[in-house]
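Novice: return atomic coordinates for the entry below.
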Amino acid sequence: MAVSVKLRYLRHSAKKLRPMARIFVGKSLDTALQSTALMTQDSAKFLHKALLMAQASAKDKELGDNLVVSAIMATEGPKIKRMRPNARGRSNAYQKHLAHLTVSLSVQEPKATKTKRQTKEKK
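Specialist: The predicted structure follows:
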């Protein structure tokens, strides 16, 4: 069973969120939370907030303690279009970027350990 949480309309670029998100995919939730709490980037602060939301959702669904970050997606949101005055009465257009951040958690299955009997049979 998986938990998915969306943090929408972040006043941050998705291009800046993606490299930070790639770091934490496949890691345990506790490790990801500790790492993002110590980082100074704005992207890490948004990821930390989304991971806390996902942890609370998993707690509500009673999934357990061994949670793993299965996927983090940062997609483009709508752009806020603005104009800035320029010389000679002209204007320059610019865009403010928004992003949507989706975090998915899943329960990690404990790895089965091989017994001595199984290793001897393969030889």
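Novice: for this structure, which residues score under the pLDDT cut-off?
Specialist: Residue ranges of the chain with pLDDT under 70: 112-123.
Novice: the residue nearest the centre of it sits in which helix or strand?
Specialist: With distances taken as Cα atoms, centre = their mean, residue 72 lies nearest the centre of the chain, 4.0 Å away. Assigned by DSSP states H and E, residue 72 belongs to strand 67-76.
Novice: the helix or strand just after that strand: partners in the sheet, and parallel or antiparallel?
Specialist: Sequence-wise, the next helix or strand downstream of strand 67-76 (DSSP H and E) is strand 80-85. The pairing partners recorded for strand 80-85 under DSSP bridges are strand 91-96 (antiparallel).
Novice: any idea how far the strand it pairs with is from the chain center?
Specialist: Offset of strand 91-96 from its chain centre (Cα atoms, centre = their mean, to the nearest Å): 29 Å.
Novice: can I get that strand in CSV, CA atoms only?
Specialist: The C-alpha trace of strand 91-96 is given here as CSV (Å, rounded to 0.1, in the frame of the first residue of the first chain):
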residue,chain,number,x,y,z
SER,A,91,7.9,47.2,-20.9
ASN,A,92,9.5,43.8,-20.4
ALA,A,93,7.5,40.7,-19.8
TYR,A,94,8.7,38.1,-17.3
GLN,A,95,7.2,35.0,-15.6
LYS,A,96,7.1,33.8,-12.1
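Novice: what are the buried residues along that strand?
Specialist: By neighbour count, and taking 16 or more other Cβ atoms under 10 Å as the criterion, strand 91-96 has no buried residues at all. Where C-beta positions appear, they are placed from N, C-alpha and C, glycine not excepted.
Novice: identify the residues contacting that strand?
Specialist: 11, 79, 80, 81, 82, 83, 84, 85, 86 (Cβ atoms under 8 Å, 6 or more residues apart in numbering).
Novice: which ones are touching the first one?
Specialist: In other words, residue 11. Taking Cβ under 8 Å, 6+ apart, we find residue 11 in contact with 96, 98.
Novice: phi, psi of it?
Specialist: Residue 11 adopts backbone torsions of phi -80, psi 60, taken as degrees, to the nearest 10.
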